[in-house]
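J.: no FASTA, just this:
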């Protein structure tokens, strides 16, 4: 049964990757690997949430997240055309999961988690606009919803892990002299990787 869930996730990832490849290519001029990465990510998420309705919400965010990570890594941009539609889609799918599973507390926590993380990122962007883009702020809300659904400790861990990963990678690149102290790394991929790791460990 687990194999079927993984296979279904992989097929969904391939389909979403193919569907989003054209959009990603508009920003990066390459999206060849997108379907394969999406297939791997959604297969893992399908295994994590196998047998639950909430798998749809996390698969949606996973598909969008992979596309955003590709774009942000290439051009340091998180386009609204991907980020903003994720909000109603993830919220709708979490609402369906709450209605079918009776987990209305988790739904309320998801909404509050999204608002909380978006507020924190907005403050960080206001204090240091050179180090935090408004695209990161907009992405943080939908990530906060997904992590908040799983619990406050998961939200805190996923949010903190993004900064830890960014710091570690920046330090390594500095030591290798691949970047300087004035260089700016895209933060979106670290946000998404931190959230993905927190989800898997929850």
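T.: Received, thanks. Keep in mind it's a predicted model, so treat the numbers as computed, not measured.
J.: which one's the longest helix in the chain?
T.: helix 2-28 (DSSP state H).
J.: and that helix, what does it pack onto?
T.: helix 34-48, helix 55-75, helix 80-101 (3 or more CB pairs under 8 Å, 6 or more residues apart in numbering; DSSP states H and E). The C-beta positions use only the backbone N, C-alpha and C, and glycine is treated the same way.
J.: quick one: buried residues of the helix or strand bottoming out on mean pLDDT in the chain?
T.: Lowest on mean pLDDT, DSSP states H and E among the helices and strands of the chain sits helix 2-28, with a mean of 82. Neighbour counts using 16 or more other CB atoms under 10 Å place 5-6, 8-10, 12-14, 16-17, 20-21, 23-24, 27-28 of helix 2-28 among the buried residues.
J.: For residue 136, state which of the residues you listed is nearest.
T.: residue 27 (16.2 Å; CB to CB).
J.: Run a quick neighbour tally on the spatially closest residue to that closest one that is not a sequence neighbour.
T.: Excluding its sequence neighbours, the residue lying closest to residue 27 (CB to CB, 6 or more residues apart in numbering) is residue 71, at 4.6 Å. Residue 71 is flanked by 27 other residues according to other CB atoms under 10 Å.
J.: Also residue 153?
T.: Residues near residue 153, counting by other CB under 10 Å: 11.
J.: where's it, which helix or strand?
T.: helix 152-175 (DSSP states H and E).
J.: and the nearest residue to residue 135 once chain neighbours are set aside, helix, strand or coil?
T.: Distances taken as CB to CB, 6+ apart place residue 78 nearest to residue 135, at 3.3 Å, with adjacent residues excluded. With DSSP: H, G, I helix; E, B strand; the rest coil as the basis, residue 78 sits in coil.
J.: Check the gap between residue 78 and residue 121 for me.
T.: 12 Å (CB to CB, to the nearest Å).
J.: overlap in contacts of the two?
T.: residue 136 (CB atoms under 8 Å, 6 or more residues apart in numbering).
J.: Contact partners for the spatially most central residue of the chain?
T.: Closest to where the C-alpha atoms of the chain average out (CA atoms, centre = their mean) is residue 192, at 3.7 Å. Applying CB under 8 Å, 6+ apart to residue 192 gives the contacts 65-66, 68-69, 139, 143.
J.: Right, I'll call it a day here.
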